[in-house]
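J.: Got a predicted structure plus its sequence, pasted below:
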Amino acid sequence: MTLAVASSVTNGLARLAEPWAHLYADSKTVATIVTFGHVASLLMAGGLAVATDRATLRALRLAAAERGRHLEELAGVHRLVVGGLSLSVITGVLLFASDVETFVGSWIFWLKMALICVLLANGFIMTRAEGALRADAGENAPSWTRLRRSALVSVGLWYAITLAGVALVNVA
């Protein structure tokens, strides 16, 4: 994409978001609610995910029956994590629309978006490993290895995304 096209797209997005940007800038209540929604949804999703990832790492040392119980809990937790991520995407779009020109030009913003995409891909890998373990009563050693690796990657990504979000507020 040429610089002129990118500039035109950015200007178009900024014009489209202008009414929202004015509302967001003029209302501390709106800004507070949206920011709280974003941080709270990430706290919920990330907190649950990191705690569950820790439980997954501990479950690898347990007897098969106890690992099976852990697998049963994972599906329920992942629904909550996906719900929290969904709310963070909605509020993230609202935050992006509050200052399109700043965010489009921020490498930190795009790094955070890339990290979120990697987190989602890792979540897909994790749920596939869980499915394979449930299908064979939790005894598939390669699937436990994939689940362990995904849990470790997940923890790292949640912290990296948090760092990128803080940097985005303070640097960009």
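T.: Ah, there it is.

J.: From now on I want contacts and neighbour counts done on CA atoms only, so please keep to that.
T.: Will do.

J.: Now residue 133: which helix or strand?
T.: helix 107-135 (DSSP states H and E).

J.: continuing past that helix, what's the next helix or strand?
T.: Per DSSP H and E, the first helix or strand lying C-terminal to helix 107-135 is helix 141-170.

J.: For that next one, could you pull out the residues that count as buried?
T.: 143-144, 146-155, 157-158, 160-162, 164-165, 168 (16 or more other CA atoms under 10 Å).

J.: and what of stretch 55-69?
T.: So for stretch 55-69, counting by 16+ other CA under 10 Å, buried means 56-57, 59-60, 67-68.

J.: For this structure, give me the ranges with low pLDDT.
T.: With pLDDT under 70 as the threshold, the chain has low-confidence stretches at 1-6, 137-140, 172.

J.: and if we set it to 80?
T.: For the chain, the stretches with pLDDT under 80 are 1-7, 63-66, 68, 136-141, 171-172.

J.: Next, the contact list for residue 84, please.
T.: By CA atoms under 8 Å, 6 or more residues apart in numbering, residue 84 lies in contact with 41-42, 44-45.

J.: Then residue 158?
T.: The contact partners of residue 158, by CA under 8 Å, 6+ apart, come to 46, 50, 119.

J.: The closest residue to residue 50 other than its chain neighbours and residue 149, how far apart?
T.: Leaving aside its chain neighbours, residue 50 sits nearest to residue 155 (5.5 Å; criterion: CA to CA, 6 or more residues apart in numbering). According to CA to CA, to the nearest Å, residue 155 stands 10 Å off from residue 149.

J.: can you put the contacts of residue 84 in a markdown table and add secondary structure, neighbour count and distance to residue 89?
T.: Putting the contacts of residue 84 into a markdown table (DSSP: H, G, I helix; E, B strand; the rest coil; neighbours: other CA atoms under 10 Å; distance: CA to CA, whole Å) gives the following:
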| residue | secondary structure | neighbour count | distance to residue 89 |
| --- | --- | --- | --- |
| 41 | helix | 22 | 9 |
| 42 | helix | 22 | 10 |
| 44 | helix | 16 | 13 |
| 45 | helix | 24 | 12 |
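
J.: what would these look like in JSON lines with distance to residue 77?
T.: Output for these, formatted as JSON lines (distance: CA to CA, whole Å):
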{"residue": "41", "distance to residue 77": "14"}
{"residue": "42", "distance to residue 77": "14"}
{"residue": "44", "distance to residue 77": "11"}
{"residue": "45", "distance to residue 77": "9"}
